[in-house]
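**Q** what follows is a predicted protein model with its sequence.
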Amino acid sequence: MNEASAIQNRQDPEIDFRQLDDIIEGQFGNDKENLIMILQAIQKQYNYLPKPALTYLAAKIKVPVSKIYGVATFYATFSLEPRGRNIVSICLGTACHVRGGDRVRDRICETLNIGDGQTTPDGRFTLETVRCIGCCSLGPVVKINDDMYGRIGSDEVAKVLNQYE
């Protein structure tokens with residue numbers, strides 16, 4: 001599969017409506033009061049919120065698509081764009097910034113050849129800049145998925161990223 005096909009496949013995932021039914025009906029009983037939890041489960045399944053899944057969800061729980069998009073765009077944890085298998089969050093809050101967070105971010109960008117908010121063409125990484133991860137005493141901090149790397153130097157970036165094949 002060439003790079004363009006890989007990107008196209010990430011943008012238009014095959015939606016398994018039975019899986020969506022398991023999420024919407026099975027886990028949350030078609031209850032629109034559980035919208036945020038349903039969106040979290042859908043994002044966990046696809047690593048973002050695909051438009052066909054949101055349209056289907058709207059019909060299933062009888063909520064306007066516009067309301068679902070309103071919720072999905074309000075919370076920064078939701079993504080309407082395909083994301084990489086590994087989410088790299090670099091903290092640029094005050095403590096991390098003064099300890100070299102910008103240099104670490106620049107090295108990540110250089111190593112992955114992407115900018116903030118972008119995903120590598122192979123779908124392996126998405127880079128996100130955040131304002132605080134909550135580990136100020138360990139700055140600069142990089143979080144990859146659920147793994148935290150504190151007091152990371154720009155010279156350690158490639159070694160850390162290579163762990164996520």
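**A** Everything's here; your move.
**Q** could the C-alpha coordinates of stretch 42-56 be exported in CSV?
**A** The C-alpha coordinates for stretch 42-56 follow below in CSV (Å, rounded to 0.1, in the frame of the first residue of the first chain):
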residue,chain,number,x,y,z
ILE,A,42,-15.9,5.6,19.8
GLN,A,43,-12.7,7.5,19.8
LYS,A,44,-11.0,4.7,21.6
GLN,A,45,-12.2,2.3,18.9
TYR,A,46,-11.0,4.5,15.9
ASN,A,47,-8.5,6.8,17.6
TYR,A,48,-10.6,9.7,16.5
LEU,A,49,-14.3,10.5,15.8
PRO,A,50,-15.1,9.5,12.2
LYS,A,51,-18.0,11.5,10.6
PRO,A,52,-20.0,8.4,9.6
ALA,A,53,-19.9,7.2,13.2
LEU,A,54,-21.1,10.5,14.6
THR,A,55,-23.9,10.6,12.0
TYR,A,56,-24.9,7.1,13.0
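**Q** what are the buried residues along that stretch?
**A** Buried residues in stretch 42-56, counting neighbours by 16 or more other Cβ atoms under 10 Å, are found at 42, 43, 45, 46, 47, 48, 49, 50, 53, 54, 56. All C-beta spots, glycine's among them, are computed from the backbone N, C-alpha and C.
**Q** tell me the spatial nearest neighbour of residue 137, not counting adjacent residues.
**A** residue 95 (7.4 Å; Cβ to Cβ, 6 or more residues apart in numbering).
**Q** give me the residues contacting the helix or strand harbouring the one you found.
**A** Using DSSP states H and E, residue 95 falls within helix 94-98. Applying Cβ atoms under 8 Å, 6 or more residues apart in numbering, the contact partners of helix 94-98 are 90, 133, 136, 137, 139, 140, 141.
**Q** ok, the first one touching residue 139?
**A** No. Here residue 90 lies out of contact with residue 139, judged by Cβ atoms under 8 Å, at a distance of 10.6 Å.
**Q** looking at the two, which is more packed in?
**A** residue 90 (27 against 23; other Cβ atoms under 10 Å).
**Q** okay, now the unreliable bits of this structure?
**A** Across the chain, the ranges flagged by pLDDT under 70 are 1-13.
**Q** which residue is most remote from the mean position of it?
**A** Relative to the C-alpha centroid of the chain, counting by Cα atoms, centre = their mean, residue 62 is the outermost residue, at 26.7 Å.
**Q** I'm done for today, thanks for sticking with me.
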